[in-house]
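Participant: Provided below are the primary sequence and the corresponding predicted coordinates.
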Amino acid sequence: MKLVIEKVSKLYGSFSALSNIEVSLDNGVYGLLGPNGAGKTTLMRIMTDLLKPSGGRVLLDGVDISVLGAEFRRRLGYLPQDFGFYPNYTAEQFLMYIARLKGLGKAEAKRQTAELLEMVGLAEKRGQQMKALSGGQRQRVGIAQALLGDPDILVLDEPTAGLDPEERIRFRGIISNLSRQKTVLLSTHIVSDLEAVAHEIILLKKGVIIDVEKPHELLRKIEGKVFSLTVPVEKEFEFASKYRCSNIMSEGASVVLRIVSDEKPHETAIPMAPNMEDLYVYYFK
């Protein structure tokens with residue numbers, strides 16, 4: 001199975017939200033990384049056939065998804081950034097409702113609902129109303145509804161928002177296991193999640209793809225551009241305003257700055273191995 005985004009653009013009047021996007025997705029996890037306003041959600045809505053592009057098309061195995069229609073939606077699981085739900089439905093009732101909308105028979109809907117509630121760690125909360133669940137628990141229900149029907153393609157917009165560290169680890173395990181047979185596109189600002197599960201990362205800036213690479217290859221490109229610099233507290237503003245900083249840590253009368261720069265910021269600066277937060281700062285800050 002191959003999902004191809006072919007020269008996709010999206011205009012809102014004279015504003016270009018996306019420009020000539022081209023990328024091919026096979027089985028595996030693809031991370032979509034970019035700042036707010038980069039066009040990530042617009043791209044995801046086009047990929048799920050919820051929004052028509054101004055130019056270009058999205059192909060599944062060579063066929064335009066707008067032509068496939070219901071057949072494409074049957075193979076798709078989607079978690080939008082803010083998914084809607086009926087607050088008085090229990091978690092189980094909500095998943096059963098979504099399962100029937102996806103065309104599952106009653107017995108199959110019940111089986112998958114039970115399995116997915118167990119998978120996301122909510123089996124004991126199945127009878128609790130959605131409005132009574134915590135934000136992280138509701139997000140886990142959202143992840144479960146995207147998995148109903150065993151879709152071939154998963155598009156997940158900020159799926160780890162509101163999840164605590166334990167829940168995020170559980171989510172990463174789920175996605176890692178699923179990615180062997182599915183195409184997963186995952187957008188998140190929590191870059192450590194992408195570093196943990198993404199096979200490739202798509203860097204999107206101002207509606208344009210600036211790079212598509214494996215995480216370690218992207219990090220290799222900024223080797224020699226990350227430094228640790230310890231300065232007196234009174235010098236913090238001078239360096240923090242001049243350089244991009246991915247971290248600032250106070251140590252008594254001193255401050256340790258993690259600086260991302262093409263040039264060594266000071267003769268006492270110590271080179272550091274780059275991480276994904278450094279990468280985000282380098283390209284987007």
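Facilitator: Sure, I can see it. Numbering: from 1, shown residues only.
Participant: correct me, but residue 128 touches residue 90?
Facilitator: Yes. Residue 128 lies in contact with residue 90 (C-beta atoms under 8 Å); the separation is 6.1 Å. C-betas here are computed from N, CA, C, even on glycine.
Participant: the two: which has the busier surroundings?
Facilitator: Higher neighbour count among residue 128 and residue 90: residue 90, with 18 against 14, using other C-beta atoms under 10 Å.
Participant: so in terms of bridging, what pairs with residue 255?
Facilitator: Applying DSSP bridges to residue 255 yields these beta-bridge partners: residue 231, residue 250.
Participant: ok, residue 186 next?
Facilitator: residue 31, residue 156.
Participant: residue 203 too?
Facilitator: residue 33, residue 211.
Participant: who are the contact partners of it?
Facilitator: 33, 34, 209, 210, 211, 212, 218, 283 (C-beta atoms under 8 Å, 6 or more residues apart in numbering).
Participant: CA atoms only for the helix or strand hosting residue 44, dumped as CSV, please.
Facilitator: Applying DSSP states H and E as the criterion places residue 44 in helix 40-47. Extracted C-alpha coordinates of helix 40-47, given in CSV (Å, rounded to 0.1, in the frame of the first residue of the first chain):
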residue,chain,number,x,y,z
LYS,A,40,0.0,20.6,9.5
THR,A,41,-3.7,20.4,10.2
THR,A,42,-4.6,21.6,6.7
LEU,A,43,-2.4,18.9,5.2
MET,A,44,-4.0,16.2,7.4
ARG,A,45,-7.5,17.4,6.5
ILE,A,46,-6.7,17.1,2.8
MET,A,47,-5.1,13.7,3.3
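Participant: tally of neighbours for residue 20?
Facilitator: 14.
Participant: show the pLDDT at the most centrally placed residue in the chain.
Facilitator: In the chain, the centroid-proximal residue (C-alpha atoms, centre = their mean) is residue 187; its distance is 1.7 Å. We note a pLDDT of 94 for residue 187 in this prediction.
Participant: so who does the residue nearest to it when sequence neighbours are not counted touch?
Facilitator: Once flanking residues are discounted, residue 187 sits nearest to residue 32: 4.2 Å by C-beta to C-beta, 6 or more residues apart in numbering. By C-beta under 8 Å, 6+ apart, the contact set of residue 32 is 40, 43, 44, 185, 186, 187, 201, 202, 204.
Participant: for residue 206, same thing?
Facilitator: 37, 38, 39.
Participant: strands of the stretch 101-250 of the chain, start to end?
Facilitator: With DSSP state E, counting those that start in this stretch as the criterion, the stretch 101-250 of the chain has strands at 153-157, 183-187, 200-205, 208-213, 226-232, 244-251.
Participant: tell me the most buried of these?
Facilitator: Using mean count of other C-beta atoms under 10 Å, the stretch among those with the largest mean neighbour count is strand 183-187, at a mean of 25.
Participant: which strands and helices sit next to that strand?
Facilitator: strand 28-33, helix 40-47, strand 153-157, helix 165-178, helix 191-197 (3 or more C-beta pairs under 8 Å, 6 or more residues apart in numbering; DSSP states H and E).
Participant: gap between the first one and the chain center?
Facilitator: Looking back up the chat, that one is strand 28-33. 7 Å (C-alpha atoms, centre = their mean, to the nearest Å).
Participant: send me that strand as CSV with only the CA atoms.
Facilitator: Presented in CSV, the C-alpha positions along strand 28-33 are these (Å, rounded to 0.1, in the frame of the first residue of the first chain):
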residue,chain,number,x,y,z
GLY,A,28,5.5,2.9,9.1
VAL,A,29,5.2,5.9,11.3
TYR,A,30,5.8,9.4,9.7
GLY,A,31,6.1,12.3,12.1
LEU,A,32,4.9,15.7,10.9
LEU,A,33,6.8,18.4,12.7
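Participant: tell me the buried residues in it?
Facilitator: 29, 30, 31, 32, 33 (16 or more other C-beta atoms under 10 Å).
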